Each structure stands twice: as C-alpha cells, then as structure tokens.
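Any chance you can model this:
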Amino acid sequence: MEKRQLKVANKAEFLKLLDAISKINDSGVILDLQENKITSLVSSIDSTLILCSEYKTEIGFNSSLNIPDVKKLRNVLDTVEDTDIALDINSNNLEYKGDSVKFKYHLFEEGFITRPNINLEKINSFKFDVEFKLNKNTLQRLFKGSTFASETNKIYFYTEGDNLMAELTDRARHNTDNFTLSLGKTNIELKPVPVNLDNIRLLSIINEEFNVKVNTEYGVVVFDIEDKDIKLKYIISALTQ
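You can find the predicted model right below:
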C-alpha cells in the first residue's frame, strides 16, 4: 500500500490556518483532506461563532484527520525549519522525519469528534441586507474604544442616515457608556444588529480587511477574508437587543 502524505508547500500559511482554527476550538477538530485543499468546520463552545476554513494545497486523495489538539500540532510544526513539509499519515498518527527534527503526533479515531451541525449551503444562499469592508485599522480602533465602553460586550452594526455605524453599548441596560465609530457611507438602511464583541476578537487578521455581510432575517453576520492560499469564513449569530 502506497504511503499517504500530507504535503504542505508553505508552512507559514498552514500555521496561519491552524492559528485561526485554534482560536475558535483548540480540541477535537476534523481536517478534511481533498484533492487540492484542506477544509475544516469548527464552532465555539456556545455555537454562536462558526469558522469554515480552506487551505489550498495539492493532496491527491480524499481523507480526514481527527486532530485532538490544534495548538499542539501547530507548535510542533513550528519547530521545523523547512518552508515545505511532508507528514506521513499512518493509521493513528502523523509522522515527520526531518534531518534535524522528528516527531509523531497521535490522532483520534474516526467518529470520536462530531462536526458542527450547520447547513453551509443554506447560509451561502442567504440574501444579505448590507455588505461592507472592515479593515484592520478599524478593528483596532473598535478594540481601543472597548476599553472606554467597558460595561458592555455588545457591538451594534446599523445605519444612521447614509452612514454605516458600529456602536459599543448595551441597549438593554440604562446608563451604559457607549463608543460609536463610522464605517463609511452606504445607501442601504440597516436596523441595529448586535453581536458579541468577544467573537469579533477571535477573528484572525490574515490580511488587511474583511468582507462583512449582514442578514437580518436570520440574524447572521458573515466575515470573509482571504490571503494567498487561505480562505476563512466566520459566521456569527446575532444577539438579542
């Protein structure tokens, strides 16, 4: 039987993918190996944040890897100095045999990890009320503003006239300090859609900006970002007011 290998041409990009996944769920993750890509679907503990990720690389076969600890795998791969790596896929482990580093990383058995219960096709078919860009600088300003509006963990996206706004506050509580930032102009009306700020903090900034889409019918906010060989789609459930 021909030995199967997981070949990664750009280790740095693959580590970015593992970093993004580990922020959402550090244990019990399935990596699906397809002909020319690796995909995964993970969710936060409360299921209010889901990450659908994709990494382009030539695999040549279809399989799946049940990863017990994503951060542990990421850290051991970081000890390899080569930019491209090949991991032997054995019956219950991944094995690396380099000139200066060797290791075995043991996997969970098939069926031990359950996948998040989400219909991606349905979400991809949604009609979105508004779509906008959110760049790294804007996110950093919002995070700085959160140190002022420290009594809340909600961020509201809405329109005010022809301006798209992001407001840190809690409209269900009285006398809460708030911080509001304009995200630019828009010609679409959007009523306030609140999401958990902690979920926004978990987004991985792998390039300069996200493409953000809001669906008010189902209360879903989608953050898409791409960088070289990586695609990340974050799906966040809206909160009540």
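
Val8: how many residues sit nearby?
25 (other Cβ atoms under 10 Å). Backbone N, C-alpha and C define where each C-beta goes, glycine included.

How about the contacts made by Val220?
123, 126, 214, 235-238 (Cβ atoms under 8 Å, 6 or more residues apart in numbering).

I meant to write Phe210 there.
So Phe210 contacts 133-135, 203, 223-225 (Cβ under 8 Å, 6+ apart).

what about 7 Å?
134, 203, 223-225 (Cβ atoms under 7 Å, 6 or more residues apart in numbering).

Any of those residues buried? List them.
Neighbour-count burial (16 or more other Cβ atoms under 10 Å) is assigned, among those, to 134, 203, 223-225.

So which of the contacts of Val220 sit within helices?
Ile123 (DSSP state H).

just the buried members of the contacts of Val220?
Counted by 16+ other Cβ under 10 Å, the contacts of Val220 give 123, 214, 235-238 as buried.

from these, which is closest to Ile38?
Relative to Ile38, the closest of the buried ones among the contacts of Val220 is Ile235; by Cβ to Cβ it sits at 19.1 Å.

Not including adjacent chain positions, what is the nearest residue to the closest one?
Nearest residue to Ile235 in three dimensions, chain neighbours excluded: Ile50, at 4.4 Å (Cβ to Cβ, 6 or more residues apart in numbering).

Mind listing what's buried along stretch 30-39?
Buried residues in stretch 30-39, defined by neighbour count with 16+ other Cβ under 10 Å: 30-33, 37-38.

same deal with stretch 134-141?
134, 138-139.

Would you reformat those as JSON lines and include secondary structure and distance to Val195?
Listed next are these as JSON lines, based on DSSP: H, G, I helix; E, B strand; the rest coil; distance: Cβ to Cβ, whole Å:
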{"residue": "Leu134", "secondary structure": "strand", "distance to Val195": "12"}
{"residue": "Thr138", "secondary structure": "helix", "distance to Val195": "15"}
{"residue": "Leu139", "secondary structure": "helix", "distance to Val195": "13"}
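
which residues are in contact with the worst-scoring helix or strand of the chain on mean pLDDT?
One helix or strand of the chain scores below all others by mean pLDDT, DSSP states H and E: helix 120-124, with a mean of 88. With contact meaning Cβ under 7 Å, 6+ apart, helix 120-124 is reached by 52, 220, 235.

same question, stretch 26-45
6, 21, 24-25, 49-71, 113, 115-116, 118.

Could you pick out the buried ones from those residues?
6, 21, 24-25, 49-55, 57, 59, 64-70, 113, 116.

In strands, which of those fall?
6, 49-55, 64-69 (DSSP state E).

and the most centrally placed residue in the chain, what does it touch?
Geometric centre of the chain, nearest residue: Leu51, 4.2 Å, by Cα atoms, centre = their mean. Contact analysis of Leu51 by Cβ under 7 Å, 6+ apart lists 20-21, 24, 42, 232, 234.

burial count for the closest residue in space to Ala238 that isn't next to it in sequence?
In this structure, Ala238 finds its nearest non-sequential neighbour in Gly219, 3.6 Å apart by Cβ to Cβ, 6+ apart. Gly219: 15 surrounding residues under other Cβ under 10 Å.

Gly219 contacts Ser237, doesn't it?
Yes. At 6.2 Å, Gly219 and Ser237 qualify as touching, with contact defined as Cβ atoms under 7 Å.

how about Gln5, what does it touch?
86-89.

Tell me the buried residues in the longest helix seen in the chain?
In the chain, taking DSSP H as the definition, the longest helix is helix 11-24. Residues 11, 13-18, 20-24 are the ones in helix 11-24 that count as buried (16+ other Cβ under 10 Å).
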